[in-house]
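Engineer: fold the following for me, if possible:
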Amino acid sequence: MESVSDVIVVGGGPCGSFTALNLARLGVKVAVFEEHEEIGVPSHCAGHLSISGLRRLGLYPLPEKVVENTFRGAVFHSSMGKEFRVRFSSPITCVVNRALFDKLIAEMAEKAGVRYFLGARVDSLTIEDDVVKRVTVARNDRVDRFAAKMIIDAEGIASRLSHQAGLPSLNRSMLLNGVEAEVENVKDVEEDMVEVFFGKEYAPHFFAWLIPKHDGKAKVGLAAKTGNPKVLLQKFMLKHPVASKKLRSARILCTIFHPVTLGGPVRKTYSSGFLTVGDAASHVKPTTGGGVAWGLTCARIAAEVIGEALRRDDFSSDFLRNYQKKCEDALGFDARVMLWFRKMLDKLSDAQVDDVVGFCARIGLDKTLLSFGDIDFQGRSLLHVLPDPRMGVTLVYFSFLGLSANP
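Structural biologist: Below is the predicted model of the structure:
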């Protein structure tokens, strides 16, 4: 058995690497075990991120090679042809090359002193007297055990280790299957606008998206609770009344599949000697399925709490409860509001969504949303714009439709 660090992080995605980076900046000895041979491969999401969120985390501006495009707003399309658009005066989001983004954070962590083990799959935990003590790692055709004072589960949505540690699972009823393709030969797109498409026939219980890139290509994808995502993507590109005009002649260059969790943070993310971050903790926005901003926010919190645990030499569940509390303070209100919004939207028929999109356009809701605030924390931002009568009227209208919809 080998001790390689004070803290072991399982998973070299952005949340694992950002936890490691922030710990290393505190002088902590950290090792990251990543099962794949290369950081960022395979990619797991579109990489559409808010600029304000990246700034808040100290990651913006990004190197030019990482950023594939920036956007001033979004266009929302109903399945019946209505649209609602919001356009800001300056870029508010960007799309990144996820492999390069992940590598960037890992390189920052390595420069800060973090040690990476690639091609190293953590298979299990060793738990003694209810305390997580060690990990068993398969690498280079051998199996080794490594001890540390703290183990961080950043392995992603599978959250195998969290289950072994006795922590509750994420809400499986809110799991979706996602698919994304990089395509070329896209027609009639606005390069600085993201497009969102609704329609239960194409993306049941979620939506589809089109994200243009600077090089003339685009990222096209969707998530769905039911159906085969590959079949749904083809149907969306060929038959959606709006999207098909842009994508019917597009050629798919590559495709990735990934699950999406929309159920909000799991109710417990810690045990003695153990914490979970990122998708493993379901630190994901229930409205959009975006997990980078929330995951990195909680990764930084994890580093702060673990740093204090090391100073106190206290890795008990009682002390690590502070991590859960701080994450709840950071995300809790927004998660509840966004989960309510997601469940309400799921109840609406396509005709009702069409009504909502048309209603928002008619009353000029875009003018209200220009002062929306931080799109990563939509609950608090909603409070900011509630005094505007257009927002209040929209919420009443939306709630009426949701309450009158069939469950």
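Engineer: which residues of the stretch 151-300 of the chain fall in helices?
Structural biologist: 160-164, 229-239, 243-247, 292-312 (DSSP state H, counting those that start in this stretch).
Engineer: out of these, which is the most enclosed?
Structural biologist: helix 292-312 (a mean of 22; mean count of other Cβ atoms under 10 Å). Every C-beta, even on glycine, is put in place using the N, C-alpha and C of the backbone.
Engineer: run a quick neighbour tally on the residue lying closest to Thr297 once chain neighbours are set aside.
Structural biologist: Spatial nearest neighbour of Thr297, excluding adjacent residues (Cβ to Cβ, 6 or more residues apart in numbering): Ala330 at 5.7 Å. As a burial measure, Ala330 scores 18 neighbours (other Cβ atoms under 10 Å).
Engineer: show me what contacts Ala330?
Structural biologist: Thr297, Cys298, Ile301 (Cβ atoms under 8 Å, 6 or more residues apart in numbering).
Engineer: and which of those residues is nearest to Gln378?
Structural biologist: Set against Gln378, the nearest of those by Cβ to Cβ is Thr297 (14.0 Å).
Engineer: surely that closest one meets Leu57?
Structural biologist: Yes. Applying Cβ atoms under 8 Å as the test, Thr297 and Leu57 come out as touching, 7.0 Å apart.
Engineer: which SS state does Val122 fall under?
Structural biologist: Following DSSP: H, G, I helix; E, B strand; the rest coil, we place Val122 in the strand state.
Engineer: for it, give me its contacts.
Structural biologist: Val122 touches Val10, Phe33, Glu35, Val135, Thr136, Val137, Glu155, Leu161, counting by Cβ under 8 Å, 6+ apart.
Engineer: one more: Gly295?
Structural biologist: Counted by Cβ under 8 Å, 6+ apart, Gly295 has contacts Pro14, Cys15, Phe18, Val277, Gly278, Asp279, Ala281, His283, Val284.
Engineer: look up how far Gly307 lies from it.
Structural biologist: 19 Å (Cβ to Cβ, to the nearest Å).
Engineer: and Leu296, by the same measure?
Structural biologist: 17 Å.
Engineer: picking up where we left off before, and the contacts of Gly295, which two are furthest apart?
Structural biologist: Most distant of these, by Cβ to Cβ, are Phe18 and Val284, 15.3 Å apart.
Engineer: which residues touch the spatially closest residue to Leu222 that is not a sequence neighbour?
Structural biologist: Spatial nearest neighbour of Leu222, excluding adjacent residues (Cβ to Cβ, 6+ apart): Ala208 at 3.7 Å. Ala208 is in contact with Val196, Phe197, Gly199, Tyr202, Val220, Gly221, Leu222, Leu233, Phe236, His240, Ala243, counting by Cβ under 8 Å, 6+ apart.
Engineer: quick check, the first one in contact with Ala74.
Structural biologist: Yes. At 5.9 Å, Val196 counts as touching Ala74 under the criterion of Cβ under 8 Å.
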